[in-house]
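# Give me a model of this one.
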Amino acid sequence: MIFKSGDNVSVTKGLDGVIEVKLGKVSEELLDTKIANIRFDPTQQYNPRDVISALERTAEMKRAMAASINTQIQQSYQRSQDLQAYARNPMGWHGPPPQ
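Down below sits the predicted model:
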């Protein structure tokens, strides 16, 4: 398997037999986004950059991207709080140290 040893690579096969390859850390909010309607012109539909650009301009993707960014900010804030608490009192920390 070509992706088997890659870092940050996920390969799964769904119940419908579709194989899904994720490269990097991909937000589930973005992957699960449902877009009501999108149209591509004849040239655009065969150009991946144009397709991605069109997808990013939809209202649904803008909302999902904003939600993903907010989630990342909250996680980073929580991580910084955990690191500060651990630095103040490592012996009082329960579980593995924060990463």
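
# Determine the longest helix present in the protein.
helix 59-88 (DSSP state H).

# elements contacting that one?
Judged by 3 or more Cβ pairs under 8 Å, 6 or more residues apart in numbering; DSSP states H and E, the packing partners of helix 59-88 are helix 28-31, helix 48-56. C-betas here are computed from N, CA, C, even on glycine.

# how about those helices in TSV, adding distance to residue 96, mean neighbour count and mean pLDDT?
Output for those, formatted as TSV (distance: least, Cβ to Cβ, whole Å; neighbours: other Cβ atoms under 10 Å; pLDDT from 0 to 100):
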stretch	distance to residue 96	mean neighbour count	mean pLDDT
helix 28-31	24	12	78
helix 48-56	37	12	88
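
# Which pLDDT value does the model give the residue nearest the centre of the chain?
Residue closest to the average C-alpha location in the chain (Cα atoms, centre = their mean): residue 27, at 1.6 Å. Note for residue 27: predicted pLDDT of 75.

# For the protein, give me the ranges with low pLDDT.
1-7 (pLDDT under 70).

# now with 90?
Filtered on pLDDT under 90, the chain yields the residue ranges 1-15, 17-33, 39-49, 51-53, 55-56, 61, 63-99.

# Tell me the secondary structure at residue 12.
When classified by DSSP: H, G, I helix; E, B strand; the rest coil, residue 12 comes out as strand.

# which ones are touching the residue nearest to it when sequence neighbours are not counted?
Leaving aside its sequence neighbours, residue 12 sits nearest to residue 20 (Cβ to Cβ, 6 or more residues apart in numbering; 5.1 Å). Applying Cβ atoms under 8 Å, 6 or more residues apart in numbering, we find residue 20 in contact with 10-14.
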